[in-house]
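Peer 1: Fold the following.
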Amino acid sequence: MNTNDALNLLNLTSSATQTEIKKAFKAQSLKFHPDRNPVGAQMMIAINAAYEHLKKLGDTVTASEGFKANDYAEELNDVLNKLFTLDGIEIEICGNWIWITGDTKPHAKVLGRKEGGIGCFFASKKAAWYYRPAEYKSRGGKGQSMDTIRAKYGSTNPTKTAKRQLKAA
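Peer 2: Numbers count the residues shown, from 1 in each chain. Below you'll find the model as predicted:
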């Protein structure tokens, strides 16, 4: 996870003290807690990763060049909730990216970036759809295998079963 993504997940500006980071972490944790949100378990993984990353960076954390503030946590939450309504797909979260595989062909219009779509991109070499933060700029990582991506950013596979269990709780 990079610093800009972590700041956006915690809904912070381009510069934040450790006190501000902790306060933002608590606010996002309450907002996206699994007891309040169907995909909260996955949101908490992302929020915890962002907090852990920012905690290691010293007293004041400053975003890198090109930072654009947005509430990526809200955006990520909306996308995951929409994806959980689609049957036959598999979801994998690697860092701040969501990879969608499985039987995606019937859902191409819903997944795509045209009007009414979620805003996903299609990676033809990986035969998978992906959703990424809006501010992401290519860093020359094209052609990386999914195994390389998983090793670098980690991987979780949220399931629809987990969503149903969370709603029942």
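
Peer 1: In the chain, which helix is the longest?
Peer 2: helix 40-55 (DSSP state H).

Peer 1: how near is the residue of the chain positioned farthest from its centre to Q18?
Peer 2: In terms of distance from the mean C-alpha position of the chain, D59 ranks first, at 25.4 Å (CA atoms, centre = their mean). Shown here: D59 relative to Q18, a distance of 6 Å by CB to CB, to the nearest Å. The C-beta positions use only the backbone N, C-alpha and C, and glycine is treated the same way.

Peer 1: again, but for N70
Peer 2: Taken as CB to CB, the span from N70 to Q18 is 22 Å.

Peer 1: What of G40?
Peer 2: 25 Å.

Peer 1: what do you get for K152?
Peer 2: Taking CB to CB, one finds K152 at 26 Å from Q18.

Peer 1: Over to Q42?
Peer 2: For Q42, the distance to Q18 equals 25 Å [CB to CB].

Peer 1: Compare these two and say which is more crowded by neighbours.
Peer 2: For Q42 versus Q18, neighbours defined as other CB atoms under 10 Å are more numerous around Q42 (26 against 14).

Peer 1: Let's see the pLDDT reported for the closest residue to the more buried one other than its chain neighbours.
Peer 2: Distances taken as CB to CB, 6 or more residues apart in numbering place P158 nearest to Q42, at 4.5 Å, with adjacent residues excluded. Predicted confidence (pLDDT) for P158: 71.

Peer 1: do the same with the one 3 residues further on
Peer 2: At T161, the model reports a pLDDT of 47.

Peer 1: Give the pairing partners of the helix or strand just after the longest helix of the chain; include direction for each.
Peer 2: As assigned by DSSP states H and E, the chain's next helix or strand after helix 40-55 is strand 60-62. Here strand 60-62 is paired, per DSSP bridges, with strand 15-17 (antiparallel).

Peer 1: Measure how far the strand it pairs with is from the centre of its chain, please.
Peer 2: 21 Å (CA atoms, centre = their mean, to the nearest Å).

Peer 1: just the angle between the next helix or strand after that strand and helix 40-55, please?
Peer 2: For strand 15-17, the following helix or strand on the C-terminal side (DSSP H and E) is helix 18-31. On the basis of axes from the mean of the first three to the mean of the last three CA atoms, to 10 degrees, helix 18-31 is oriented at 180 degrees to helix 40-55.

Peer 1: what's the spacing between the residue nearest in space to the middle of the chain and K56?
Peer 2: By CA atoms, centre = their mean, the chain has its centre lying nearest to N96, at 3.7 Å. Using CB to CB, N96 is found at 17 Å from K56.
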